[in-house]
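1. Could you look at this predicted model? Sequence included:
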Amino acid sequence: VRLRYRPSEQDKKREREQGALHMKCVRLRYRPSGLSKRSGGHANRLQRTSSPSTKVRASSSYSASSSKNDKVKQQKKKNGTSSNKDTSVAPRDFDVSNIQKPRKGCDVLVDALVREDVDVVFAYPGGASMEIHQALTRQEDKITNVLCRHEQGEVFAAEGYAKVTGKVGVCIATSGPGATNLVTGIADAMLDSIPMVAITGQVPRRMIGTDAFQETPTVEITRPITKHNYLVMDIKDIPRVVAEAFYLARSGRPGPVLIDIPKDVQQQMLNPSELDTSFEPSKMLEYYDKRLPADPRKGLLLDVARAIANAKRPVLYVGGGCIDASEELAKFVELTGIPVAQTLMGLGSFSEMHPLALQMLGMHGTIYANYAIDKCDLLLAFGVRFDDRVTGKVKDFAPNASIVHIDIDAAEIGKNKAVDYSVCADMGQSLGGLNKLFEEKQVEINAQTMKEWTDDVLEQKKLKQMTYPEYEDAIAPQHAIKVLEEVTKGDAVISTGVGQHQMWAAQWYRFAKPRRWLTSGGLGSMGYGLPAALGAAAAFKAAGEKVTVVDIDGDGSFLMNVQELATIKAEELDVKVMIINNQHLGMVVQWEDRFYKANRAHTYLGLEGKEWHKSANELDIYPDFVKMSESYGIPAKRVIHKADLRAAIEEMVSHEGPYLLDVMVPHIEHVLPMIPGGGGFKDTISDGDGSMFHEERPMKGL
């Protein structure tokens, strides 16, 4: 970067007369600031000249200090002590090695990511973000970029990474279509409270608002679906903005934050000494920080504990807010003996192998979980938001219960359902405070009353066990997932797309630990499963951990981001894919059967006139996922017969590296039990399948 300027003798004479230095930077001016003499040197500030056409000449702005040196030389000459050696190149106390190279905005950004301990990013390059990718190549020893094949794939991968690690996921895209391809994933992270920072390139500042090529108003588009977003207009703001973004993403109720950076800001140059990286985000965001909930007050927790002690039929309704409080939750259940129902997002926060675990509640929850909610007199809603897929008809949800709601987000308390006791605080701290009250016997539970209630609930658990049809030869989708749980010993990380396979996975794969379940809950984004598994596998690879990651997907959902097979192969990520293939959009078919007289409205995904379920001809299966997977260099197999299932799953799980297993299942199977939308517990559907509603010829063996 630095070049030495070598003037002619005539130039030397003229510049000595002007008191100028001979050392110069090409297109950079050296403008020393005044440090105290105690520092023993100058503060070095490199600044671009005002015009690219400026000639490489010594700056007269240095004449004050250089003229002082000339006076010293002239005095020495009078005294006869001058030397033929030119000493006017630099002040005696100036150390050239201390000059810091100017940094581009893109490098400043990547430096900021390093300070946030980011080890993996998911980024796809484009015209407005390629500077960031160039900077990432200069920090490859600290940050790994996983090159997904679509921006939606990368944002879902960032979610998967965040879910298994608890850290902030990072994705990067270019402007225009790159940024808009992130929107679904950003909205998904917002609804499911996933900490994520999305960084997008933008057209240069002077072109914003001109409808330039690949320009979209990214900040305006994403404002309703982010916790906050930024448009960075100055390189000096980058360190502060990145620190604030990560703080916002992970604090309080987690969520996504977007940073939009114009290309010319990425290219802007600045001396590192001019960057402020010493600030504390919580102090910079004072207004936001004041709104974060304080530690739970003992008085409020004491009221909750007394309500629990006085209740005869309490039940726990726990959600995603308890994922990081699983130890405190387990202790609470041990102290109180209260049965536990979990939401779709809360699976894994409490071990489903525990005798008091009622598994999932809600639309496709277990009958005994919904029974407990319907009969309870005290509902302990911990880390939940009373989602419509849980409550159904709100007034019929826990109709006879007083409600305790503890959540970190004040906006959720009382939003959908009126509550009797509320605590806005961190879930781990709140459970810890309640546990202390029970451990110290400040409040005691009537053991006999609690036993009578739990005996009733556990009796229902025996009477209303989850079941599925046993076919002679065909593979029931529930059976395939149950066998997968047995083969992996329930210790795999499971991701899903959205649809019937998602609900079957939630029902039949039981989780004993948190952060093992990756699914799109609030938004219900098809195409989520494969990239989320990819993100989880990338996290484990970066950490040097060996964990089995399986994407249980539907044939419709899988196709929406099938291109990420290329990423999995290229990045050598150990992801297993088990497709529950019924050749239909299964969940929509189920609703057609139940509520639309089985009228098929564009839900068949195969070729017309070649329906495998009717012909039983394997050549009619469309598309051919086995050939598709093999074209990406990933081994694959199809299994049709029940007798071959276990061996096929064992082969998939034991294979080193990625693998795809296509499991063919009947399209008439329904996810049961089911409470219709807007219904209540009394409306539960617990039997039947698609064969009840139409006359299609069933598969052989059904």
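-> All right, it came through fine. Residues are numbered from 1 along each chain as shown.
2. going forward, measure contacts and count neighbours with C-alpha atoms only.
-> Will do.
3. so where does the residue positioned nearest the centre of the chain fall, helix or strand?
-> Nearest to the geometric centre of the chain sits residue 159, at 2.2 Å (Cα atoms, centre = their mean). Per DSSP states H and E, residue 159 falls inside helix 151-165.
4. where does the chain have low pLDDT?
-> By pLDDT under 70, the weakly predicted segments of the chain are 1-99, 694-702.
5. so what secondary structure elements neighbour the helix or strand that the helix holding residue 159 is followed by?
-> Scanning forward in sequence from helix 151-165 by DSSP H and E, the next helix or strand is strand 169-173. Where contact means 3 or more Cα pairs under 8 Å, 6 or more residues apart in numbering; DSSP states H and E, strand 169-173 is packed against strand 120-123, helix 151-165, strand 196-202.
6. Let's see strand 169-173 as PDB, backbone CA atoms only.
-> What follows is strand 169-173, C-alpha atoms only, in PDB (Å, rounded to 0.1, in the frame of the first residue of the first chain):
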ATOM      1  CA  GLY A 169     -27.400 -17.200  13.400                       C
ATOM      2  CA  VAL A 170     -25.900 -15.100  10.700                       C
ATOM      3  CA  CYS A 171     -27.000 -14.900   7.000                       C
ATOM      4  CA  ILE A 172     -25.800 -12.600   4.300                       C
ATOM      5  CA  ALA A 173     -27.400 -11.800   0.900                       C
END
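7. would you turn the helices and strands packed on strand 169-173 into a markdown table with distance to residue 256?
-> Converted to a markdown table, the helices and strands packed on strand 169-173 look like this (distance: least, Cα to Cα, whole Å):
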| stretch | distance to residue 256 |
| --- | --- |
| strand 120-123 | 15 |
| helix 151-165 | 10 |
| strand 196-202 | 4 |
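8. Out of these, which is closest to residue 477?
-> Residue 477 sits nearest to helix 151-165 of all the helices and strands packed on strand 169-173, at 24.1 Å, using Cα to Cα.
9. ok so, going back, so for residue 669, which of the helices and strands packed on strand 169-173 sits nearest?
-> Nearest of those (Cα to Cα): helix 151-165, 28.6 Å.
10. contacting residues for residue 529?
-> Contact analysis of residue 529 by Cα atoms under 8 Å, 6 or more residues apart in numbering lists 495, 496, 497, 498, 518, 519, 551, 552, 553, 557, 558.
11. go again using 6 Å as the cut-off
-> Residue 529 sits next to 495, 496, 497, 551 when contact means Cα atoms under 6 Å, 6 or more residues apart in numbering.
12. how about residue 346, what does it touch?
-> 319, 320.
13. Any chance of the backbone angles for it?
-> Dihedral pair for residue 346: phi -90, psi 0, per degrees, to the nearest 10.
14. related to what we said a few turns ago, any chance of JSON lines for the contacts of residue 529, columns secondary structure?
-> Formatted as JSON lines, the contacts of residue 529 follow (DSSP: H, G, I helix; E, B strand; the rest coil):
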{"residue": "495", "secondary structure": "strand"}
{"residue": "496", "secondary structure": "strand"}
{"residue": "497", "secondary structure": "coil"}
{"residue": "551", "secondary structure": "strand"}
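15. out of those residues, who's nearest residue 610?
-> Distances from residue 610 to these, taken by Cα to Cα, are shortest for residue 497, at 25.7 Å.
16. okay, now that closest one: neighbour count?
-> 31 (other Cα atoms under 10 Å).
17. Can you tell me the closest non-neighbouring residue to it?
-> Of all residues not flanking residue 497 in the chain, residue 529 sits nearest, at 4.3 Å (Cα to Cα, 6 or more residues apart in numbering).
18. Show me the beta-bridge partners of residue 145.
-> Beta-bridge partners of residue 145, counted by DSSP bridges, are residue 121.
19. I'd guessed it sits against residue 119; true?
-> No. Contact criterion Cα atoms under 6 Å: residue 145 and residue 119 do not qualify, at 8.6 Å.
20. Next one: residue 228 from residue 194, what distance?
-> As judged by Cα to Cα, to the nearest Å, residue 228 and residue 194 stand 14 Å apart.
21. Kind regards, and thank you for your time.
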